[in-house]
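Novice: coordinates for the following, if possible.
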Amino acid sequence: MREEEAHYDIAVIGGGLAGTCAAIAAARLGRRVALVNNRPVLGGNASSEIRVWVCGASAHGVHRWARETGIMGELYTENQYRNPEGNPYYWDQVVLDAVRAEPNIDLYLNTDVREVDASGPEDSREVHSCTGWMMGSERRITFHARQFLDCTGDGLLGHLAGARHRVGRESRAEFDEPWAPDEADGALLGSTILFHTKDTGRPVKFVAPAHAKDLSDTPILRNRVLRTGDNGCDYWWIEWGGELDTVHDNERIRDELQSVIMGIWDHIKNSGRFPDAANLTLEWVGSLPGKREYRRFLGDYVLTQRDILQQRQFEDRIAFGGWSVDLHPVQGMYADEPGARQRYADGIFHIPLRSLYSANVTNLHFAGRNISATHIAFGATRVMATCATLGEAAGTAAALCVAEGLTPRQLATERPELVRRTLLRQDASVIGLVDEDPGNLARTARVTASSWLTRLGAEPTEDAPGAPYPLTRDLAVLLPVDPALDTVDLLVHGAPDGRSRELTVELWGTGHPENAVPVDRLLTTTVTVPPGGPHWVTARLDHHPDTPGNAILTVRACADTALVLLPERAHGVLALRRKAEGDAAVDHDIPEEDGQLVLEWQARGLRRQTFAFRAAPRTAAFHPERAVGGYQRPYGGPQMWSSASRGDAQWLRLDWDDERELTEIRLVFDDDVDEYLNNLHRHRTPYEVMPELVRDYRVQSRDAAGAWHTLLTVTDNRRRHRVHALSAADGGPVRTGALRLVVDATHGARHAHVIAFKAYGA
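Specialist: Below you'll find the predicted structure:
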């Protein structure tokens with residue numbers, strides 16, 4: 001055995017997506033980081049060893065404009081480009097390459113941390129080091145660091161350090177949670193093993209092993225649906241262990257899950273009820289249970305069910321989620337009730353920094369499924385894309401703690417603006433935070449552009465005439481209102497019976513700026529639709545809100561009439577339809593609770609399409625100033641600059657009253673966060689790169705004589721967030737009174753979109 005000592009600024013224990021993003025975030029802020037993982041591959045439950053798809057705030061497309069940005073966003077879009085078929089082994093390489101691209105990270109795979117050196121009283125402990133055994137290499141490595149991050153999922157590092165935690169469910173009374181049990185207990189969400197099948201093109205037999213479960217002895221055949229077309233995460237409900245200890249009983253749980261998988265496959269292949277399975281064979285069966293739940297640490301704040309469903313906007317919010325409060329019966333696959341109970345908020349929900357550090361260990365952050373949340377709230381925060389954003393936030397906070405000499409609590413309570421500004425500078429997944437960084441000199445500049453979009457509308461063309469979309473259900477259009485909405489013209493097919501129809505048109509508010517569903521009815525009007533057509537009809541609204549925001553125009557169902565659906569997107573606009581009877585918004589196997597607006601009003605199936613409309617007056621929603629000091633993602637409007645012209649190069653310009661010394665610019669381009677992505681097989685878009693993303697661009701500075709000089713040229717860009725160092729010919733900062741970003745091409749969109757144009761000095 002070889003004994004080693006390793007010294008770092010930050011030690012991140014656990015290489016799932018939370019730990020991976022934490023390590024990358026801290027490394028990009030200049031900290032030396034050890035990323036320690038007890039498996040041979042990164043990604044945790046998302047890795048090729050377990051193969052759970054990466055879910056997040058989009059919730060399979062339920063929420064609008066909700067896909068994660070920051071490091072998780074980079075992983076999503078890079079995987080979309082390199083791995084459009086969703087190969088799990090290619091996904092492993094996407095994650096590994098992201099870590100290896102950071103010179104400040106040392107990666108330790110196959111290294112199981114089992115010992116922690118910590119000291120101090122129970123209320124104020126400090127971690128000094130942790131020690132891991134590198135399997136296969138016979139190396140015992142002790143990691144010394146100033147800040148530690150427990151991203152293990154099970155929370156072993158924090159547990160060994162003496163961090164307070166809980167296992168199981170809180171009582172209903174403790175946090176006033178409607179879904180909690182009357183009495184606290186140790187019940188957990190169980191673990192799952194998945195399997196993949198393959199069509200061989202010829203008949204393949206299956207001889208069941210001796211340990212295969214006889215499904216006739218279980219409730220599975222009467223309570224769960226088996227389909228030959230299902231694969232991988234379609235069988236998420238193969239879950240067990242919630243009544244056990246999911247860590248200490250891990251081997252027993254694995255054996256039970258594998259016996260059920262063999263029993264399911266035996267039933268599909270040999271029961272005679274699935275003749276279309278004749279050519280199928282098992283291609284892969286997992287050998288590791290994918291755990292859902294174990295320890296949850298106690299931070300300075302415990303996130304609750306009401307926080308999530310009421311979308312509480314914390315002052316120290318550092319990430320967002322959008323997954324439902326998703327809880328499973330404790331008996332798992334053997335339960336008589338459905339495999340899950342789910343409840344969605346009206347939009348995304350926020351997570352505070354105070355839930356990401358220990359209340360009693362002074363240098364311990366955590367991220368992933370072990371954050372400070374109740375069992376009920378954990379049901380929404382536990383999915384991996386959300387865990388990844390928490391990792392980026394925790395890694396950022398840990399790096400700032402090292403740089404500023406602060407404890408996590410001091411950072412959260414005394415310097416919260418430092419965390420907010422850093423996360424926004426990194427384009428992390430936060431919503432509703434405006435860029436107020438004094439270091440961003442663009443905020444003091446005058447902002448102009450070659451053109452900007454002032455007209456909200458979408459009309460048929462010869463190439464795209466559109467098609468009638470019957471008003472057999474309520475339909476709607478979400479519109480940015482900036483500064484007003486006086487009228488909206490709709491293109492409507494009238495009745496064929498020669499009689500006019502009266503359409504009921506309503507205008508609704510969305511409740512929160514991050515929401516995209518009708519919550520508050522503002523007004524109701526009617527319009528007359530002549531027979532035949534289509535005809536342009538006008539809804540008079542005279543809506544003049546005090547502040548810009550989104551509004552939703554709903555058109556009530558009306559027999560024998562139809563709107564016109566166009567096969568193109570109108571910027572900042574969404575088409576919605578009310579759920580029809582029999583529709584399942586997410587999963588046909590999970591009953592949907594009543595009163596969930598994001599399920600009642602669906603965008604899926606209408607994305608990248610628009611009902612024909614014309615809005616007046618002109619809009620300021622795409623003014624060039626939206627790209628400076630803004631929110632960096634849709635929030636009560638699109639929050640970006642869009643050019644009006646569809647032709648030659650378009651530009652966005654910053655002018656100062658006097659010369660500035662500039663050393664860095666940061667650009668954030670539109671990569672359509674409304675497009676739901678997934679790392680594996682659940683969803684594929686037709687685009688390897690989002691059409692709205694800027695492909696080719698130049699950055700120029702103006703000299704004292706007024707001439708423009710190109711500082712850098714980029715072609716074939718595939719990144720949303722680009723960071724460029726600036727230097728003059730002598731190696732010093734660039735001195736200029738003006739900068740110009742010239743967009744030469746996009747990946748297909750006809751307008752240039754820029755979300756943020758930032759400039760920083762020495």
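
Novice: run through the helices of the protein in chain order.
Specialist: Along the chain, counting by DSSP state H, helices occupy 17-28, 70-82, 88-100, 156-161, 172-175, 220-223, 250-270, 305-309, 375-381, 384-404, 408-414, 416-425, 597-600.

Novice: can you tell me which of these is nearest to Glu436?
Specialist: helix 416-425 (7.0 Å; CB to CB). To be clear about C-beta, it is placed using only N, CA and C from the backbone, and glycine gets the same treatment.

Novice: helices or strands next to that closest one in the packing?
Specialist: Counting contacts by 3 or more CB pairs under 8 Å, 6 or more residues apart in numbering; DSSP states H and E, helix 416-425 packs against strand 317-321, helix 384-404, helix 408-414.

Novice: the domain parsing of this protein - what is it?
Specialist: As assigned by automatic domain parsing, the chain contains the domains 2-170+293-425, 191-246+260-285, 441-452+622-760, 457-616.

Novice: comparing those, which comes out most buried?
Specialist: Mean neighbour count (mean count of other CB atoms under 10 Å) peaks for domain 2-170+293-425 among those, with a mean of 23.

Novice: before we move on, back to that, which one, of the helices and strands packed on helix 416-425, ends up nearest to Val12?
Specialist: helix 384-404 (7.0 Å).

Novice: can you tell me how far the closest residue in space to Val383 that isn't next to it in sequence sits from Gln596?
Specialist: Distances taken as CB to CB, 6 or more residues apart in numbering put Cys55 closest to Val383, at 4.2 Å, once the chain neighbours are dropped. To Gln596, Cys55 is 17 Å away according to CB to CB, to the nearest Å.

Novice: check Tyr469 too.
Specialist: To Gln596, Tyr469 is 24 Å away according to CB to CB.

Novice: cool, Ala756 as well?
Specialist: To Gln596, Ala756 is 33 Å away according to CB to CB.

Novice: swap in Ser642?
Specialist: Remark: distance between Ser642 and Gln596 (CB to CB) = 32 Å.

Novice: same deal with Thr524?
Specialist: Thr524 is 24 Å from Gln596, by CB to CB.

Novice: equivalent analysis for Gly86, please.
Specialist: The gap separating Gly86 from Gln596 is 28 Å, by CB to CB.

Novice: now the most far-flung residue of the chain relative to its centre. Nearest residue, chain neighbours left out?
Specialist: The centre of the chain is farthest from one residue, Gly498, which by CA atoms, centre = their mean lies 49.3 Å away. Spatially, and ignoring its direct neighbours in sequence, Gly498 is nearest to Pro531 (5.0 Å; CB to CB, 6+ apart).

Novice: which residues touch the one you found?
Specialist: Neighbouring residues of Pro531 by CB atoms under 8 Å, 6 or more residues apart in numbering: 494-500.

Novice: okay if I get those as a markdown table plus pLDDT and distance to Pro567?
Specialist: Listed next are those as a markdown table, based on pLDDT from 0 to 100; distance: CB to CB, whole Å:
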| residue | pLDDT | distance to Pro567 |
| --- | --- | --- |
| Gly494 | 95 | 22 |
| Ala495 | 93 | 25 |
| Pro496 | 91 | 24 |
| Asp497 | 90 | 29 |
| Gly498 | 89 | 30 |
| Arg499 | 92 | 30 |
| Ser500 | 94 | 29 |
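
Novice: follow-up on the earlier one: closest one to Glu625 among the helices of the chain?
Specialist: helix 416-425 (16.7 Å).

Novice: that older thread, surely the residue nearest to Val383 touches Cys387?
Specialist: No. In this structure, Cys55 is not within contact of Cys387 by CB atoms under 8 Å, at 10.0 Å.

Novice: any stretches of the stretch 651-762 of the chain with poor pLDDT?
Specialist: Applying pLDDT under 70 to the stretch 651-762 of the chain flags residues 681-683.

Novice: those strands in it, which residues are they?
Specialist: Counting by DSSP state E, counting those that start in this stretch, one finds strands in the stretch 651-762 of the chain at the ranges 664-669, 694-702, 708-714, 721-725, 734-746, 753-760.

Novice: JSON lines for those, including distance to Arg473?
Specialist: Shown next, in JSON lines, are the strands of the stretch 651-762 of the chain (distance: least, CB to CB, whole Å):
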{"stretch": "strand 664-669", "distance to Arg473": "36"}
{"stretch": "strand 694-702", "distance to Arg473": "37"}
{"stretch": "strand 708-714", "distance to Arg473": "45"}
{"stretch": "strand 721-725", "distance to Arg473": "39"}
{"stretch": "strand 734-746", "distance to Arg473": "34"}
{"stretch": "strand 753-760", "distance to Arg473": "32"}
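
Novice: between the ones you listed, which gets nearest to Asp217?
Specialist: Between Asp217 and the strands of the stretch 651-762 of the chain, the tightest spacing by CB to CB is seen for strand 721-725, at 54.0 Å.

Novice: can you tell me what sits against that closest one?
Specialist: 69-70, 73-74, 426-427, 663-669, 699, 712, 714.

Novice: grab the two from these that are most spread out in space.
Specialist: Among the contacts of strand 721-725, Gly73 and Thr663 lie farthest apart (CB to CB), at 25.3 Å.

Novice: now do the contacts for the closest residue to Met640 other than its chain neighbours.
Specialist: Nearest residue to Met640, sequence neighbours excluded (CB to CB, 6+ apart): Ile755, at 4.5 Å. Ile755 makes contact with 627, 630, 632-633, 639-641, 668-670 under the criterion CB under 8 Å, 6+ apart.

Novice: point out the least confident one among those.
Specialist: Across the set of the contacts of Ile755, Gly630 stands lowest in pLDDT, at 88.

Novice: so that residue versus Gly636, what's the distance?
Specialist: Distance from Gly630 to Gly636, by CB to CB: 11 Å.

Novice: just Ala367 next, same as before
Specialist: To Gly636, Ala367 is 29 Å away according to CB to CB.
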